[in-house]
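Asker: Fold the following for me, if possible:
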Amino acid sequence: SQRTAVGTSRVANFSKGNPIDYKRAFFLATLGSARTLQLDHIVGNFAVGKRFDAVCWSVEGGGGGVDVFEGDTSEDIVQKILTNGGREDIARVYVNGKECVC
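Answerer: Prediction:
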């Protein structure tokens, strides 16, 4: 998971001062992985013509692992979802363009 990757990177690179952040972890989990596996022409981002695999998050109403406050930017909310989001925050899941029942 991205949360584990960021945490492990912080520990492993503590003395070096260059751990990966959530943006880099997200890239590595999506397009970076697709490129490594030479599948970036099929998956890895939302470009037209690629398979649509996505998790749609809902952070409204509370009760999940993500607290959103009035001053939060979109970037703040994405970081919170990637860091603290859990199953209870998932609204919908799509695999190959089809909504899955979770």
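
Asker: List the buried residues for stretch 70-85?
Answerer: By neighbour count with 16 or more other C-beta atoms under 10 Å, stretch 70-85 contains the buried residues Ile77, Val78, Gln79, Lys80, Ile81, Leu82, Gly85. Every C-beta, even on glycine, is put in place using the N, C-alpha and C of the backbone.

Asker: ok, so of those residues, who is nearest Phe26?
Answerer: Leu82 (6.1 Å; C-beta to C-beta).

Asker: looking at it, the closest one is touching Ala25, isn't it?
Answerer: Yes. Using C-beta atoms under 8 Å, Leu82 is in contact with Ala25, at 7.3 Å.

Asker: can you give me the helices in this protein?
Answerer: For the chain, the helices defined by DSSP state H cover 2-12, 22-29, 31-36, 74-84.

Asker: just curious, which of the buried residues of stretch 70-85 is nearest to Ile20?
Answerer: Leu82 (12.1 Å).

Asker: residue ranges with poor pLDDT in the protein?
Answerer: 1-17, 61-63, 102 (pLDDT under 70).

Asker: quick one: strands adjacent to the lengthiest strand in the chain?
Answerer: Taking DSSP state E as the criterion, the chain has its longest strand at strand 90-95. Note on strand 90-95: by DSSP bridges, its sheet partners are strand 54-57 (antiparallel), strand 98-100 (antiparallel).

Asker: how close does the nearest residue to Arg92 once chain neighbours are set aside sit to Gly86?
Answerer: Closest residue in space to Arg92, ignoring its immediate chain neighbours: Cys56 at 4.2 Å, by C-beta to C-beta, 6 or more residues apart in numbering. As judged by C-beta to C-beta, to the nearest Å, Cys56 and Gly86 stand 14 Å apart.
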